[in-house]
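Chemist: Fold the stuff below for me.
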Amino acid sequence: MKSWYEEGETWNGKFGDFSTSFEECWADICGFWLQSFPEVYEIFGFTEQDWEINLYVQVMNQIRKGVIGLQLYNPESKKWGQAHTQGAFVYAMYLYKNQ
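Modeler: Presented below is the predicted three-dimensional model:
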């Protein structure tokens with residue numbers, strides 16, 4: 001069996017502070033992907049008319065989190081105060097640059 005990790009390496013050990021932010025970004029993107037399935041909305045009692053507005057609100061909320069989260073960025077140390085914030089900022093910047 002082959003691995004991208006050397007013996008004794010872990011995700012957090014290999015990627016450091018970036019690892020938790022990446023996981024948060026990945027989790028948010030998975031949530032958006034799940035929102036593309038009508039069955040997910042049906043579980044929570046949403047009608048077909050609610051789907052598009054719900055996804056729009058979630059995307060706008062994620063962008064908002066990314067912008068508001070800038071106050072948790074420390075430019076001197078070039079570090080984020082929270083992994084969630086960095087993930088939201090990355091997502092917001094992707095949408096901004098790829099609109």
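
Chemist: And for the longest helix along the chain, what's in contact with it?
Modeler: Across the chain, the longest stretch assigned as helix under DSSP state H is helix 48-68. Outside of helix 48-68, the residues within contact range by C-beta atoms under 8 Å, 6 or more residues apart in numbering are 28, 31-32, 35-36, 38, 41, 46, 84-85, 88-93, 95-96. Every C-beta, even on glycine, is put in place using the N, C-alpha and C of the backbone.

Chemist: Give me the subset of those that lies in helices.
Modeler: When the contacts of helix 48-68 are checked against helices (DSSP H), the matches are 28, 31-32, 38, 41, 84-85, 88-93, 95-96.

Chemist: just to revisit the earlier point, which of the contacts of helix 48-68 are buried?
Modeler: The neighbour-count test (16 or more other C-beta atoms under 10 Å) marks 28, 41, 84-85, 88-92 as buried among the contacts of helix 48-68.

Chemist: Can you add pLDDT and give those residues back as CSV?
Modeler: CSV is the format used below for these (pLDDT from 0 to 100):
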residue, pLDDT
D28, 85
Y41, 86
H84, 82
T85, 86
A88, 87
F89, 89
V90, 86
Y91, 84
A92, 87
